[in-house]
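**Q** How does the following fold in three dimensions:
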Amino acid sequence: MKDKFLQFLGLTKRAGKLLEGYNKCEDAIKRNKAYLIILSSDASDNTVDKFLKYGEKYKTPVLKGYDKDELGSALGKEEIKILGVTDLKMSERLISIYKDIEKI
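**A** Numbers count the residues shown, from 1 in each chain. All right, here's what the predicted structure looks like:
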């Protein structure tokens, strides 16, 4: 099931609906262009705190649970600590898959 989330994340990237990196995600969330933020489980405490606050302020869900290597591998990169999803339907599907994983 965990692979399903990572596979859909790859699909989201191929569709051009995924932002990578702190600055791009910060800018998108402030402009209400990000519908979901995904943080790696090994992101710094400052990054996690900042994006949790942004999520609350801008009503954007924030997910955490995959490490930087898992996220990077799913997207053909070495490591990624923060991602932003810019498509509402894709973000809803990722959240749904994530919730299903949590139930297991």
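**Q** Relative to the whole chain's centre, how far out is the lengthiest helix in the chain?
**A** For the chain, the helix with the greatest residue count under DSSP state H is helix 88-103. Its chain's C-alpha centre and that of helix 88-103 lie 11 Å apart, by CA atoms, centre = their mean, to the nearest Å.
**Q** May I see the buried residues of it?
**A** Under the neighbour-count criterion of 16 or more other CB atoms under 10 Å, helix 88-103 has 90-91, 93-95, 97-98 buried. All C-beta spots, glycine's among them, are computed from the backbone N, C-alpha and C.
**Q** likewise stretch 61-80?
**A** Using 16+ other CB under 10 Å as the burial criterion, the residues of stretch 61-80 that qualify are 61-63, 66, 68, 70-75, 80.
**Q** Same question for stretch 28-48.
**A** In terms of neighbour count (16+ other CB under 10 Å), stretch 28-48 has its buried residues at 28-29, 34-40, 43, 47-48.
**Q** Relative to Thr47, how far out is Leu9?
**A** As for Leu9, its distance to Thr47 is 19 Å (criterion: CB to CB, to the nearest Å).
**Q** which regions of this structure lie under the pLDDT threshold?
**A** Low-confidence segments of the chain (pLDDT under 70): 1-2, 103-104.
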